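Colleague: Next input, structure requested:
(one chain, ligands or ions: 1)
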Amino acid sequence: MSFKKPEENPSCILAAKSLGPKSRSARSHGITMAGTGKFFVGGNWKANGLVGDVKRLVSELNAEQISDDVDVVVAPPFVHLPLVKDSLRPEIQVAAQNAWVGKCGAYTGEVTAEQLVDLDIPWVILGHSERRNIIGESNEFVGQKAEYALSKGLSIIACIGELLEDRQGGHTFDVVFAQLKALADHISDWEKVVVAYEPVWAIGTGVVASPEQAQEVHAGVRQWLTDNVSKDVAAKTRILYGGSVSPKNAQDLAKKEDIDGFLVGGASLKGPDFATICNSVQYKTSPAVL
Ligand SMILES: O=C(CO)COP(=O)(O)O
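Modeller: Sure thing, here's the model as predicted:
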């Protein structure tokens, strides 16, 4: 595996259990396939970091060796986007954590897709569970946001995932498929879409999904895409896992055939930890030998 070596880059400014019988497993519909897209790791910084913290984190990331075999994207808070965009080495792309559903106008507190494009921000996270469950964004609203962001040329990381009560009630697939359908109803071209499966019970809790739990849902998501969009889209769409990913557990998760990368919260705030998670791509082997 080759690494991006910052010192060689002159443009660097700084150097449980499975779902069980109650669940509708998509595997029952047929054999799933592994994804064919490049491994992808996103760092969601959420509402963390003052200017000094962000400068430190950028300088850590600029100094880390990260495999060329992974697409790396970090999502700072809106206020830090220009700073991060201007000081982070260009191999690491930048995302916003949200975007408004439509064009610029009288929407106090919102930031639009046009404004992100104007700043050369190529990615946006949409439908994160904190926006769905704290702010109250509905499946339909997230779908509309996806459509608008894509229409303006942004690439999106579309988040889905069930609450603990959904999982305990055997409704995991009902919930994630409904979230997926609302997205798919608004997406005609999946080229610029990455899906992140983030079970809400695993986010920020330290309770990571087991590799088997995550694989089961990822396979279900891929099968849903096969059945409802196309086989080609199912194979090419990267499906990330998010929820308490750490340098310790990334390796075993990465080995699973339908886990195409991660969306990382807490551990993305430490450069070395985030780099280790990115480099878990080295454990990604062909599905045939897993
Ligand atoms: O919400 C997440 C990423 O979007 C995951 O957060 P943690 O990695 O802190 O659990």
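Colleague: Distance of the spatially most distant residue from the centre of the chain relative to Thr112?
Modeller: Going by C-alpha atoms, centre = their mean, the residue of the chain most distant from its centre is Ala106, 29.6 Å out. Taking C-beta to C-beta, to the nearest Å as the measure, Ala106 and Thr112 are separated by 12 Å. Bear in mind the C-beta positions are built from the backbone N, C-alpha and C, glycine included.
Colleague: cool, Ile66 as well?
Modeller: 31 Å.
Colleague: Which one of the two is surrounded by more residues?
Modeller: Ile66 (24 against 19; other C-beta atoms under 10 Å).
Colleague: Looks like that one contacts Ser280 (just checking).
Modeller: No. Using C-beta atoms under 8 Å, Ile66 is not in contact with Ser280; the gap is 11.0 Å.
Colleague: what about Ser138, neighbour count?
Modeller: Here the number of neighbours of Ser138 (other C-beta under 10 Å) works out to 12.
Colleague: Glu110 now?
Modeller: Neighbours of Glu110 (other C-beta under 10 Å): 15.
Colleague: looking at this, it is in a strand?
Modeller: No. According to DSSP: H, G, I helix; E, B strand; the rest coil, Glu110 belongs to no strand; its state is coil.
Colleague: Leaving out chain neighbours, which residue sits closest to the residue of the stretch 151-290 of the chain found nearest the ligand?
Modeller: Residue nearest to the ligand within the stretch 151-290 of the chain: Gly265 (2.2 Å; C-beta to the nearest ligand atom). Spatial nearest neighbour of Gly265, chain neighbours left out: Asn44 (5.2 Å); criterion: C-beta to C-beta, 6 or more residues apart in numbering.
Colleague: Same question for Cys104.
Modeller: Excluding the flanking residues, the one nearest Cys104 by C-beta to C-beta, 6+ apart is Thr112, at 4.9 Å.
Colleague: Angles on the backbone of that neighbour, please.
Modeller: Here is the backbone geometry of Thr112 (degrees, to the nearest 10): phi -100, psi 160.
Colleague: State the distance from it to His80.
Modeller: Per C-beta to C-beta, Thr112 is found 18 Å from His80.
Colleague: With Ala234 instead?
Modeller: To His80, Ala234 is 35 Å away according to C-beta to C-beta.
Colleague: Show me the strands in the stretch 51-200 of the chain, by range?
Modeller: Along the stretch 51-200 of the chain, the stretches classed as strands by DSSP state E, counting those that start in this stretch are 66-67, 70-75, 92-96, 123-126, 155-160, 193-197.
Colleague: Dump the ones you listed into JSON lines; add distance to Phe39 as well.
Modeller: Putting the strands of the stretch 51-200 of the chain into JSON lines (distance: least, C-beta to C-beta, whole Å) gives the following:
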{"stretch": "strand 66-67", "distance to Phe39": "8"}
{"stretch": "strand 70-75", "distance to Phe39": "4"}
{"stretch": "strand 92-96", "distance to Phe39": "14"}
{"stretch": "strand 123-126", "distance to Phe39": "16"}
{"stretch": "strand 155-160", "distance to Phe39": "14"}
{"stretch": "strand 193-197", "distance to Phe39": "11"}
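Colleague: In a markdown table, list those along with distance to the ligand and mean pLDDT.
Modeller: Converted to a markdown table, the strands of the stretch 51-200 of the chain look like this (distance: least, C-beta to the nearest ligand atom, whole Å; pLDDT from 0 to 100):
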| stretch | distance to the ligand | mean pLDDT |
| --- | --- | --- |
| strand 66-67 | 18 | 98 |
| strand 70-75 | 8 | 98 |
| strand 92-96 | 11 | 98 |
| strand 123-126 | 7 | 98 |
| strand 155-160 | 7 | 98 |
| strand 193-197 | 7 | 98 |
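Colleague: that older thread, could you check how far the residue of the stretch 151-290 of the chain closest to the ligand is from Gly43?
Modeller: Gly265 is 8 Å from Gly43, by C-beta to C-beta.
Colleague: Please identify which of these two sits among more neighbours.
Modeller: Just comparing Gly265 and Gly43: by other C-beta under 10 Å the higher neighbour count belongs to Gly43, 28 against 23.
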